[in-house]
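Peer 1: have a look at this prediction, sequence included:
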Amino acid sequence: MSTATTTHDTHDDHGPASGLMRWVTTTNHKDIGTLYLWFSFIMLLIGGSFAMVIRAELFQPGLQLVDPQFFNQMTTMHGLIMVFGAIMPAFVGLANWLIPMMIGAPDMALPRMNNWSFWILPFAFTMLLSSFFLEGGAPAFGWTFYAPLSTTFAPDSTDFFIFGVHMMGISSVMGAINVIATIFNMRAPGMTLMKMPLFVWTWLITAYLLIAVMPVLAGAVTMMLTDRHFGTSFFDAAGGGDPVMFQHIFWFFGHPEVYIMILPAFGIISAIIPTFARKPLFGYSSMVYATASIAILSFMVWAHHMFTTGMPVAGELYFMYATIMIAIPTGVKIFNWVSTMWRGSMTFETPMLWALGFVVMFTIGGFSGLMLGIAPVDTQYHDTYFVVAHFHYVLVTGALYSIIAAFYYWVPKWTGHMYDEKLGKIHFWWSTIAVNVLFFPQHFIGLAGMPRRIPDYSLQFADWNMISSIGGFAFGLGQVFFLYIVIKTIKGGKKASDQVWEGATGLEFEALPSPAPYHSFNEAPAVK
């Protein structure tokens with residue numbers, strides 16, 4: 001890893017700052033990126049272990065392992081930790097590592113704030129996890145924490161949860177401000193906006209989304225807090241409030257949040273596919289406009305999560321049409337990636353496998369999303385395992401796959417070592433077979449009517465649930481294997497050359513100056 005410490009250019013090889021304090025006080029974007037990535041990996045394993053409890057309980061019907069309340073705590077904490085602790089910090093870590101290099105900046109624009117925005121997170125999640133040890137146990141109201149479950153009927157630990165959410169939100173907003181300030185103020189001479197790599201573009205747009213929606217989430221949890229302790233009735237019908245208003249506020253945050261977790265993934269895939277297809281990205285500008293369109297539309301579709309709350313037919317029609325419109329810019333992206341690969345000199349190194357896995361399986365998640373967007377049909381699918389299958393195809397084989405792809409693609413640049421290609425391919429095939437065994441059957445039990453977030457179920461769902469659980473354990477084990485690959489690579493694989501991806505070098509991509517295969521493996525280029 002980079003040895004730069006508290007300033008951008010100095011190397012400190014003596015004294016306490018070279019040990020633990022180096023990581024605590026660092027303002028170097030690479031160190032902070034590394035901290036984010038390790039933190040998100042630890043959270044992935046913790047959140048994954050909660051998912052294993054869920055799948056073990058659902059392995060067969062008839063309560064066999066944990067009590068229903070603990071099961072609900074597992075579903076709640078699994079969702080919160082995966083969304084706020086694993087996926088989002090991983091993308092912020094990638095932004096920290098890559099954006100300054102890609103735009104030719106020496107560091108992020110606000111390095112001290114960068115340090116602070118990371119160090120808030122371990123404390124936020126320690127608070128969240130500590131709720132297990134409080135009286136009444138951890139929150140058990142689902143990751144969407146609908147009122148009145150989270151206000152009137154929730155344990156005291158809910159206040160820890162509210163404070164933790166505020167801290168995560170502050171961290172996210174600071175990270176987003178940093179990204180915007182860096183991209184607008186620190187690009188190398190000659191790098192216009194329309195020459196930036198797509199990863200930089202997707203993160204710029206994501207940063208605006210974060211600044212727009214995180215205060216909405218903060219507002220929702222603050223209203224929860226005042227309902228719980230200060231006698232307000234925002235969400236309490238007995239006092240003139242409306243529990244459905246909570247859903248409107250939550251999803252006005254929650255739907256753009258889904259795109260916050262997928263837009264940076266589009267940027268990663270747009271860097272990897274051209275490298276291994278050995279062709280420039282097809283339709284660069286249309287990709288930029290499609291990303292911006294998705295971001296704008298994401299604010300206009302929130303109530304498609306609420307088709308069963310009894311909204312007027314006109315409202316259902318509007319949200320249905322607006323939801324289906326998002327499929328158009330998303331389809332543009334899929335078309336562009338396929339066109340990039342078309343007649344390219346493709347090779348299938350590990351990053352390309354993960355990128356292709358992303359394209360195929362994210363598309364499956366997109367199709368099931370279109371089905372859920374149709375209001376009369378969603379009335380049947382709502383709150384079944386079909387929804388669970390849909391969003392896991394988007395967030396696991398979408399967001400998580402892109403993060404893993406990014407690791408394999410850029411780790412030679414980060415560490416100077418090549419990962420083990422054979423182990424990387426084993427990891428891909430192991431994960432891909434397991435993840436489909438895990439989530440594909442959930443479409444079937446969902447269509448058959450099995451509700452989600454329940455610890456016990458009818459015998460008719462037993463076979464598919466058993467298969468799904470086996471896939472879940474296999475997928476979880478695959479990510480422990482990934483941990484082994486990561487450590488093995490950092491400790492020293494084969495030394496990476498200046499031109500990592502054989503044959504992918506020498507192409508001058510006019511619209512996509514991606515740093516990984518084309519620059520030397522030293523520091524980011526200094527801005528002249």
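Peer 2: It's in. On a predicted model such as this, the values are computed, not experimentally measured, just so you know. Numbering: from 1, shown residues only.
Peer 1: when you work out contacts or count neighbours from here on, use the C-alpha atoms and nothing else.
Peer 2: OK.
Peer 1: so where's this structure shaky on pLDDT?
Peer 2: Counting by pLDDT under 70, the chain shows low-confidence ranges at 1-17, 502-528.
Peer 1: quick check, central residue of it?
Peer 2: Among the residues of the chain, the one closest to the centroid is Ile87, at 3.0 Å (CA atoms, centre = their mean).
Peer 1: which residues does that one contact?
Peer 2: By CA atoms under 8 Å, 6 or more residues apart in numbering, the contact set of Ile87 is Ser40, Met261, Ala399, Leu400.
Peer 1: quick check: the gap between the second one and His166.
Peer 2: Here Met261 is placed at a distance of 19 Å from His166 (CA to CA, to the nearest Å).
Peer 1: likewise for Arg452?
Peer 2: 28 Å.
Peer 1: please apply the same query to Val360.
Peer 2: For Val360, the distance to His166 - CA to CA - is 36 Å.
Peer 1: okay, these two: which has more neighbours?
Peer 2: His166 (20 against 14; other CA atoms under 10 Å).
Peer 1: now the strands: where do they sit in the stretch 51-200 of the chain?
Peer 2: Using DSSP state E, counting those that start in this stretch, no strands are assigned anywhere in the stretch 51-200 of the chain.
Peer 1: now the helices for it?
Peer 2: Using DSSP state H, counting those that start in this stretch, the helices of the stretch 51-200 of the chain run over 68-80, 88-103, 111-130, 158-185, 198-229.
Peer 1: just those helices: most buried one?
Peer 2: helix 88-103 (a mean of 26; mean count of other CA atoms under 10 Å).
Peer 1: can you list contacts of that helix?
Peer 2: 29-30, 32-37, 39-41, 106-108, 175, 179, 182-183, 186-188, 191, 196-197, 199-200, 203, 260-261, 264, 403, 513-515, 524-525.
Peer 1: buried subset of those residues?
Peer 2: Neighbour-count burial (16 or more other CA atoms under 10 Å) is assigned, among the contacts of helix 88-103, to 29-30, 32-37, 39-41, 106-108, 175, 179, 182-183, 186-188, 196-197, 199-200, 203, 260-261, 264, 403, 513-515, 524-525.
Peer 1: and Trp143, what does it touch?
Peer 2: Thr75, Thr76, Met77, His78, Gly79, Leu80.
Peer 1: okay, these in CSV with distance to Met127 next?
Peer 2: As requested, these are exported to CSV (distance: CA to CA, whole Å):
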residue, distance to Met127
Thr75, 18
Thr76, 15
Met77, 12
His78, 15
Gly79, 16
Leu80, 13
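Peer 1: how much space between the residue nearest to the centre of the chain and Met224?
Peer 2: On the measure of CA to CA, Ile87 and Met224 end up 25 Å apart.
Peer 1: could you do Val179 as well?
Peer 2: Applying CA to CA, the value for Val179 to Met224 is 30 Å.
Peer 1: next one: Thr309
Peer 2: 20 Å.
Peer 1: only alpha carbons, please: show stretch 108-122 as PDB.
Peer 2: Taking Å, rounded to 0.1, in the frame of the first residue of the first chain, the C-alpha atoms of stretch 108-122 are listed here in PDB:
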ATOM      1  CA  MET A 108      -8.900  14.600  -2.400                       C
ATOM      2  CA  ALA A 109      -9.800  18.200  -2.100                       C
ATOM      3  CA  LEU A 110     -10.600  18.100   1.700                       C
ATOM      4  CA  PRO A 111      -8.100  15.500   3.100                       C
ATOM      5  CA  ARG A 112      -8.800  16.100   6.800                       C
ATOM      6  CA  MET A 113     -12.600  15.900   6.300                       C
ATOM      7  CA  ASN A 114     -11.900  12.700   4.400                       C
ATOM      8  CA  ASN A 115     -10.200  11.200   7.500                       C
ATOM      9  CA  TRP A 116     -13.000  12.300   9.700                       C
ATOM     10  CA  SER A 117     -15.800  11.000   7.400                       C
ATOM     11  CA  PHE A 118     -14.200   7.500   7.600                       C
ATOM     12  CA  TRP A 119     -13.600   7.400  11.400                       C
ATOM     13  CA  ILE A 120     -17.200   8.300  12.200                       C
ATOM     14  CA  LEU A 121     -18.300   4.900  10.700                       C
ATOM     15  CA  PRO A 122     -16.700   2.400  13.100                       C
END
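Peer 1: centre of the chain to that stretch, how far?
Peer 2: 19 Å (CA atoms, centre = their mean, to the nearest Å).
Peer 1: and stretch 421-428, by the same measure?
Peer 2: Remark: stretch 421-428 is offset 22 Å from the chain centroid, using CA atoms, centre = their mean.
Peer 1: possible to save the contacts of Ile87 as TSV with secondary structure and distance to Phe132?
Peer 2: Formatted as TSV, those follow (DSSP: H, G, I helix; E, B strand; the rest coil; distance: CA to CA, whole Å):
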residue	secondary structure	distance to Phe132
Ser40	helix	20
Met261	coil	27
Ala399	helix	28
Leu400	helix	26
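Peer 1: all set, thanks.
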